[in-house]
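Trainee: Sequence and predicted structure below; questions after.
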Amino acid sequence: MTLMLETLMLEAQQVCKRFGRNEVLKGINLRVPKGSVVVLLGPSGSGKSTFLRCINHLENIDAGRLYVEGELIGYREKGGALYEMRDNDICHQRANIGMVFQQFNLFPHMTAIGNVIAAPVKVKGESKVSATERGLKLLARVGLADKADTYPRQLSGGQQQRVAIARALAMEPRLMLFDEPTSALDPELVKEVLDVMQDLARDGMTMICVTHEMGFAREVADTVVFIDGGYVVEAGPPREVLLNPQQQRTKDFLSKVL
Amino acid sequence: MSETPFMNPGSAPAPPAPELIRAIPIRHYGRWLGAAVSVGIAVLIIRLFVVTPNINWGQVGHYLTFSDIFLGLQLTIVLTIAAMAVGLALGTVIAVMRLSANPVLRTVSWVYIWFFRGTPLLMQILFWFNIALILPELGIGIPFTDWGASINTNVLVTAFVAALIALGLNEAAYMSEIVRAGILVVDYGQTEAAVALGMKRGLVFRMIVLPQAMRAIIPPTGNELIGLLKNTSLVSVIAAQELLTKAQNIYARNLLVIELLIVAAFWYLLVTSLLMWGQYYVERYFARGATNRPLPPTPPQRLREWLRHRLSSTSASDAGRR
């Protein structure tokens, strides 16, 4: 048990989520070891984005448990009862989990560097000087050292998404969530974002990505998880799941996207 | 193989650049007629005011800088700024209450807006001026004990205080709807991104949502501010000595009615112009990052650019002539 806690980044046990009468997640089980890259695949509406949003409590779950580094997300368990967490505590948990959105969601009234340093300064209380110094390094890392003083709307989609990745990294998260990071991009801009993600994976960042980029799944992921109808249908190394799927639903899906 | 139209084979010489279009413009006779009629009417109106022997322009000039008029103007400006400050602060609180998840807060804010928007401002001014009739004494103290202090309401609620309360509370009702509209314009993804970075709700509102909402909030707030400036004249009913009241007091004595109304209009228009000028720069400040191109130059910048261009081009042509 202790060994497991030390090596596991995420553990999802029977995670269920419904919106009104619509049951989106019907019991997701998943274990993500530290340092691994997981790609969630599945048809649209299968619940993969919802599951990702549950991990940092943007959505609360209706049943099951979600643990990040052994810590229950969104609730406190005490004496057999669950207590809802206060805003402060949830913020504390979220600060350790980075998230990248399909629509980038950069703050348009702040420059690129302003976006990157906002949370470190206001949430962690880091000094502006040191946050800026780190922020410039992060922007250089995603290849945008010369765009620090540019406003997001003056950047291309690919550049905006790379700023968004730098912004998430500035909080020094232990887990990164990517929600279809390249789906809103023009085809020729996809690669620059995937390259940054691949670079992150190489550095040992634990990543959970919802994406339709099969090339990325094949080359970068350690584990591919196929979700359909609110369940994990199949999971394993990309070679097995993508090239030799065991389940009929996986085969059907792959025959449409490959 | 058939040749594809619209495609120049690689070996063909580049075609000459097409000739620029130099078409004869359409003559807009209707526009000329409309312009002539408008100018004619404008001249008639100006004549009516300038040529008439019934307006003593010398007296207008005299009272324009009369000390009593300045005192009134001062009160008008102070009331406008103070009431707008109350309106903005309270209006923002009420807007947040209306968007709250708490049904009690939502209902309270709804009732507030319902009441203060639904009754005439004039009535509200009279109500606050006469508040002493239902609350003869105002005090602070610990309930159910003898400890505390109180004051006669009529001493505390002067005409100025009543005017400020009435204008401020009324303005808050209108401002809250403007602020709420601004908040609703900001994409929810902004809140999600901020929250995902670990920001608390209050910080998200102050740092992310409100600055973006400001862009939608400012133009109608400019309207409100100018409206408020003019609504201060309503407080003449409780004898607060603002600009219009002062003007009325003077013409009651010397019967120069139109002259003093012109004086008041001049000052109202001047302050309104200053407010519009200020609004332009505030809007520019909150427009940063809102578009994918840099902001256009301000009128003074454009004037400077134009002058520099003119000066350099004339000196260049001078040099050419020499």
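Mentor: Alright, I've got the coordinates.

Trainee: mind listing the helices for the chain?
Mentor: Defaulting to chain A. Using DSSP state H, the helices found in chain A span residues A:2-7, A:48-55, A:87-94, A:112-122, A:128-141, A:157-169, A:190-202, A:214-220, A:238, A:248-257.

Trainee: not what I meant, chain B
Mentor: Going by DSSP H, chain B shows helices at B:29-50, B:57-64, B:67-98, B:103-118, B:121-129, B:153-156, B:159-185, B:188-196, B:201-203, B:210-231, B:243-254, B:257-286, B:299-321.

Trainee: These: which one's closest to A:Lys256?
Mentor: Nearest to A:Lys256 among those is helix B:188-196; the distance by C-beta to C-beta comes to 28.8 Å. For every residue, glycine as well, the C-beta is placed using N, CA and C.

Trainee: And that closest one, what does it pack against?
Mentor: helix A:87-94, strand A:97-100 (3 or more C-beta pairs under 8 Å, 6 or more residues apart in numbering or on different chains; DSSP states H and E).

Trainee: so that helix versus helix A:112-122, what angle?
Mentor: 50 degrees (axes from the mean of the first three to the mean of the last three C-alpha atoms, to 10 degrees).

Trainee: What are the contacting residues of stretch A:127-135?
Mentor: A:Ile113, A:Val116, A:Ile117, A:Pro120, A:Val121, A:Ala148, A:Ala166, A:Ala170 (C-beta atoms under 8 Å, 6 or more residues apart in numbering or on different chains).

Trainee: Let's see that with 6 Å instead.
Mentor: Stretch A:127-135 is touched from outside by A:Ile113, A:Val116, A:Ile117, A:Pro120, A:Val121, A:Ala170, with contacts defined as C-beta atoms under 6 Å, 6 or more residues apart in numbering or on different chains.

Trainee: Next up, the contacts around the residue of the stretch 51-200 of chain A found nearest chain B.
Mentor: Closest approach between the stretch 51-200 of chain A and chain B, counting by C-beta to the nearest C-beta: A:Ala95, at 3.1 Å. By C-beta under 6 Å, 6+ apart, the residues touching A:Ala95 are A:Val123, A:Met171, B:Gly198.

Trainee: Tell me how far the residue nearest to it when sequence neighbours are not counted lies from A:Ala119.
Mentor: Distances taken as C-beta to C-beta, 6 or more residues apart in numbering or on different chains put B:Gly198 closest to A:Ala95, at 3.1 Å, once the chain neighbours are dropped. For B:Gly198, the distance to A:Ala119 (C-beta to C-beta, to the nearest Å) stands at 6 Å.

Trainee: my guess is A:Met176 meets A:Val100, correct?
Mentor: No: look at A:Met176 against A:Val100 with C-beta atoms under 6 Å: they stay out of range, at 7.1 Å.

Trainee: Same drill for these two, tell me which one is more crowded.
Mentor: A:Val100 (26 against 21; other C-beta atoms under 10 Å in any protein chain shown).

Trainee: quick one, what contacts the more buried one?
Mentor: A:Ala164, A:Ile165, A:Ala168, A:Phe178, A:Pro181.

Trainee: burial of the residue nearest to A:Ser156 when sequence neighbours are not counted, as a residue count?
Mentor: Leaving aside its sequence neighbours, A:Ser156 sits nearest to A:Leu189 (C-beta to C-beta, 6+ apart; 6.2 Å). Neighbourhood size, A:Leu189 [other C-beta under 10 Å]: 18.

Trainee: ditto for B:Ala264
Mentor: By other C-beta under 10 Å, 24 other residues sit near B:Ala264.

Trainee: and the gap between the residue nearest to A:Thr182 when sequence neighbours are not counted and A:Ala164?
Mentor: Nearest residue to A:Thr182, sequence neighbours excluded (C-beta to C-beta, 6+ apart): A:Val190, at 4.5 Å. Distance, A:Val190 to A:Ala164, using C-beta to C-beta: 15 Å.

Trainee: coming back round to it: tell me the predicted confidence for the residue nearest to A:Ser156.
Mentor: You'll see A:Leu189 listed with a pLDDT of 92.

Trainee: just checking, it touches A:Gly158?
Mentor: Yes: using C-beta under 6 Å, A:Leu189 makes contact with A:Gly158 at a distance of 3.3 Å.

Trainee: what sits against residue 25?
Mentor: If you meant another chain, say so; for now it's chain A. A:Val15, A:Cys16, A:Lys17, A:Gly47, A:Phe51, A:Gly230.

Trainee: Before we move on, what's the pLDDT of it?
Mentor: With respect to pLDDT, A:Leu25 has a value of 93.

Trainee: can you check the one 4 residues further on too?
Mentor: In the prediction, the pLDDT value recorded for A:Asn29 is 93.

Trainee: Residue ranges in chain B under the pLDDT threshold?
Mentor: Applying pLDDT under 70 to chain B flags the ranges B:1-13, B:314-322.

Trainee: mind running it again at 80?
Mentor: B:1-15, B:52, B:135-157, B:239, B:288-295, B:313-322 (pLDDT under 80).

Trainee: same check, this time on chain A
Mentor: Low-confidence segments of chain A, defined by pLDDT under 80: A:1-6, A:258.

Trainee: quick one: the residue nearest the centre of it from B:Ser67, how far?
Mentor: In chain A, the centroid-proximal residue (C-alpha atoms, centre = their mean) is A:Leu177; its distance is 0.7 Å. In this view, A:Leu177 and B:Ser67 are 69 Å apart by C-beta to C-beta.

Trainee: can you check A:Val220 too?
Mentor: Taking C-beta to C-beta, one finds A:Val220 at 79 Å from B:Ser67.

Trainee: quick one, which of the two is more surrounded?
Mentor: Neighbours of A:Val220 and B:Ser67, each counted by other C-beta under 10 Å, are more numerous for A:Val220; the result is 21 against 8.

Trainee: The residue of the stretch 201-322 of chain B found nearest chain A: neighbour count?
Mentor: Nearest residue of the stretch 201-322 of chain B to chain A: B:Gly289, at 3.6 Å (C-beta to the nearest C-beta). Using other C-beta under 10 Å, B:Gly289 has 21 other residues around it.

Trainee: Which residue, other than its chain neighbours, is closest to it?
Mentor: Among residues not flanking B:Gly289 along the chain, A:Tyr151 sits closest, at 3.6 Å (C-beta to C-beta, 6+ apart).

Trainee: Pull the number of nearby residues for that neighbour.
Mentor: A:Tyr151: 22 surrounding residues under other C-beta under 10 Å.
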